[in-house]
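Colleague: here is a sequence with its predicted model. Questions after.
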Amino acid sequence: MSAISTKSVEPELLEVSNVSALGYGAAQTIRARIHRGEVPAVLIGNRFKIRREDLHLLTKPAVPAVRSAEDDLDALVKRIVDDFPPLTAAQKAELGQLLASACQ
């Protein structure tokens, strides 16, 4: 005859302070997200508890900042200027003449 397991099937509940200690953000931020309804939680006594299965809701994928075309152009110009070899005095004079005639 096999033994019947009496292990509870209740979900594991973690206090906000424990969730914070696991690296999911500051306790205050976690509580704010609970209040906004972003993360389900139960109130036991005066403490919020979060199911371990719901911790993934506290993670957000990193999204690169949106850059404008102007930012991209500025970055490209900076990279070209930074990578360009130093000019001799004669090369600088010639470049100056070329730019001056192009601007007229």
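Modeller: Received the coordinates, thanks. Numbering: from 1, shown residues only.

Colleague: so Leu14 sits in a helix?
Modeller: No: Leu14: not assigned to a helix; according to DSSP: H, G, I helix; E, B strand; the rest coil it is strand.

Colleague: for Ile34, grab the count of nearby residues.
Modeller: Using other C-beta atoms under 10 Å, Ile34 is surrounded by 19 other residues. Where you see a C-beta, it was placed from the backbone N, CA and C, and this is true even at glycine.

Colleague: helices of the chain, start to end?
Modeller: 16-21, 27-35, 69-83, 89-102 (DSSP state H).

Colleague: lowest average pLDDT across those helices?
Modeller: In terms of average pLDDT, helix 69-83 trails the rest of those, at a mean of 83.

Colleague: got the CA coordinates for that helix in CSV?
Modeller: Provided in CSV are the C-alpha atoms of helix 69-83 (Å, rounded to 0.1, in the frame of the first residue of the first chain):
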residue,chain,number,x,y,z
ALA,A,69,17.4,60.7,-36.4
GLU,A,70,19.1,63.9,-35.3
ASP,A,71,20.7,62.0,-32.3
ASP,A,72,21.8,59.3,-34.7
LEU,A,73,23.3,61.8,-37.1
ASP,A,74,25.1,63.6,-34.2
ALA,A,75,26.5,60.3,-33.0
LEU,A,76,27.7,59.4,-36.5
VAL,A,77,29.4,62.7,-37.0
LYS,A,78,31.1,62.5,-33.6
ARG,A,79,32.3,58.9,-34.4
ILE,A,80,33.7,60.1,-37.8
VAL,A,81,35.5,63.1,-36.3
ASP,A,82,36.9,61.0,-33.4
ASP,A,83,38.2,58.3,-35.8
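
Colleague: what residues of it count as buried?
Modeller: Within helix 69-83, not a single residue qualifies as buried, counting by 16 or more other C-beta atoms under 10 Å.
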